[in-house]
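Trainee: what would the 3D arrangement of this be:
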Amino acid sequence: MTTRPWNFSAGPSAMPEAVLQQAAAEMLDWHGSGMSVMEMSHRGKQFVQICTEAEDDLRRLVGISDDYAVLFMQGGASAENAIIPMNLLGLNPQHKADFVLTGIWSVKSQKECLRYGDAHIAASGGETTQINGKQYDPWTWVPPLSSWQVRKDASYLHICSNETIGGVETMDWPNTADLGAPGVPLVVDASSHFLSRPMDVSKTGMIFAGAQKNAGPAGVTIVIVRRDLIGHALPICPSAFNYANVAAERSMFNTPPAYAIYIAGLVFKWVLQQGGVAALEKQNIAKAQALYGFFDRSDFYRVPVEVSARSRMNAPFFLNDASLDAEFLKGAEARGLMQLKGHKSVGGMRASIYNAMPMAGVQALIDYLKDFERTHG
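Mentor: As a prediction, this is how the structure comes out:
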C-alpha cells in the first residue's frame, strides 16, 4: 500500500489501488501482446477477450440472466437520459414515460425525455414534507410507494435509485404490478451505487450506470437491458445509440471506450476477489453507520436527509456555522482528506464513500470531524 490521500470525490472517484497497480504494470505490454490496451484494435482477439471477460464477470457479480443484454456505451449517464427515451418510448404509440423525482439527476432525466415524448411525473420529493414529526426540505426524502401514480400504458417508469448530489437512496425497488401498472418496465439509474449492494435485475427492464463511481473510470456507461425491450427505437435515434445495433455487435457497433472497458473489467475482478457484491455491501453498511452515527451524536454538524433515505455512498452534511466551511475544507486537505466540498447546487460538504474507500478512510474523516468540532464548537 502506498500512502495516498483519502479521496472522497463523488466522481470520478477513488479507484481500488490494486486495480491501479495492475493497470500500471500492464500499461506497455498487456499479457505479452507487446501493446498497451489503448493501442489495440477493438476487433482484435486480445480486446475481444478483455471485453468478453468483463461482461462475463459482470453477469456473475450482478446475477444477469441471458434475458438481458449487457452493453458498454459512451456518453455517461447524462447521454443515456436521451438514449433511453429514443430507444424505449417506441414501446407505446403515444410515446409516454413516467418518472419518480427524488433529486437533481431524476429531474434532469425527466426534462431530457420531454424532448422526445410525454414525460409524466408519477411522484416527486420536490416539496417540503413532514415525516415522523420532523420537517424535511425538498430532495431530502423519497416519496412513499403509496403516492406513486404510474400510468398503465407508460412505455417505462424511470427512477434514480441513488441521487449523488442530494445523498438520497431508494432502498426498495418496486414491482410495477404492485403500483397498478403491470407490464410497465422499471428503468433504474443506479450510477452512484452500482456494485455497492445486490440488485434484483429481474425486477427491472433496464439498469444503467456511469462507471466512474464504483465500476471503473469515466468514459464507459454500463447498460443492462431486457432483450424484449430492444428494437423499438424512434426513427431519430442515431445508429450508434440504437440498442439493437449495440447488442447485435456485442458493444462493438462502433469503436467502444476500449481502455475504460478494460479498467472496468479489472474492477469487476477486484470485486469478485473481495467476495462479491454482498460482501462489499456489509462493508458499506458498516462505513455508513459509523459516519452517520457520528453525525447523529453531534450538535455541530447537520445531515439534511431523512434517515430511511440516507445514501450509503454519498453523505451530504453541513456545519451549523457556514462561515467555518472554508476553514473546515482547508484543514481537511491538510490532513489528506480530499474533495469534501458539497456540490455547488446545494453547498455544504459531501463525503462519498464508495467501494474503494476503506473503513480506515472513513475513520480518518471521523477523527478530523471530532477534532474540528472540539476546536471550533
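Trainee: all helices of the protein, in order?
Mentor: 17-25, 45-62, 76-88, 104-113, 243-248, 258-273, 277-296, 325-334, 359-376 (DSSP state H).
Trainee: dump the ones you listed into a markdown table; add distance to Pro304 as well.
Mentor: Just so you know, the C-beta spots here come from the backbone N, C-alpha and C atoms, and that holds for glycine as well. As requested, those are exported to a markdown table (distance: least, CB to CB, whole Å):
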| stretch | distance to Pro304 |
| --- | --- |
| helix 17-25 | 32 |
| helix 45-62 | 31 |
| helix 76-88 | 23 |
| helix 104-113 | 14 |
| helix 243-248 | 37 |
| helix 258-273 | 31 |
| helix 277-296 | 11 |
| helix 325-334 | 15 |
| helix 359-376 | 16 |
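Trainee: most packed of those?
Mentor: Greatest average neighbour count among these goes to helix 76-88 (a mean of 23), per mean count of other CB atoms under 10 Å.
Trainee: mean pLDDT and distance to Cys237 for the helices of the chain - can I get that in a markdown table?
Mentor: A markdown table is the format used below for the helices of the chain (pLDDT from 0 to 100; distance: least, CB to CB, whole Å):
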| stretch | mean pLDDT | distance to Cys237 |
| --- | --- | --- |
| helix 17-25 | 98 | 34 |
| helix 45-62 | 97 | 23 |
| helix 76-88 | 96 | 4 |
| helix 104-113 | 98 | 13 |
| helix 243-248 | 98 | 9 |
| helix 258-273 | 98 | 22 |
| helix 277-296 | 98 | 32 |
| helix 325-334 | 98 | 43 |
| helix 359-376 | 98 | 42 |
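Trainee: closest to Ser308 out of the ones you listed?
Mentor: The closest of these to Ser308 is helix 277-296. By CB to CB, the value is 11.7 Å.
Trainee: how far away from the center of its chain is the closest one?
Mentor: Distance of helix 277-296 from its chain centroid, counting by CA atoms, centre = their mean, to the nearest Å, is 17 Å.
Trainee: same check, this time on stretch 16-36
Mentor: 26 Å.
Trainee: ditto for stretch 30-50
Mentor: With CA atoms, centre = their mean, you get 28 Å for stretch 30-50.
Trainee: residue numbering should commence at 23 henceforth.
Mentor: Done: numbering now begins at 23, and the last item shifts to stretch 52-72.
Trainee: now do Gly139 against Ile181, distance only.
Mentor: Counting by CB to CB, to the nearest Å, the gap from Gly139 to Ile181 is 18 Å.
Trainee: the more surrounded of the two?
Mentor: Shown here are Gly139 and Ile181; by other CB atoms under 10 Å, Ile181 has more neighbours (25 against 19).
Trainee: and that one, what does it touch?
Mentor: Ile181 makes contact with Phe121, Val122, Thr124, Ser128, Thr192, Trp195, Leu208, Val209, Val210, Asp211, according to CB atoms under 8 Å, 6 or more residues apart in numbering.
Trainee: one more: Phe317?
Mentor: Tyr323, Arg324, Val325, Ala337, Phe339.
Trainee: now do Val129
Mentor: Counted by CB under 8 Å, 6+ apart, Val129 has contacts Leu123, Gly148.
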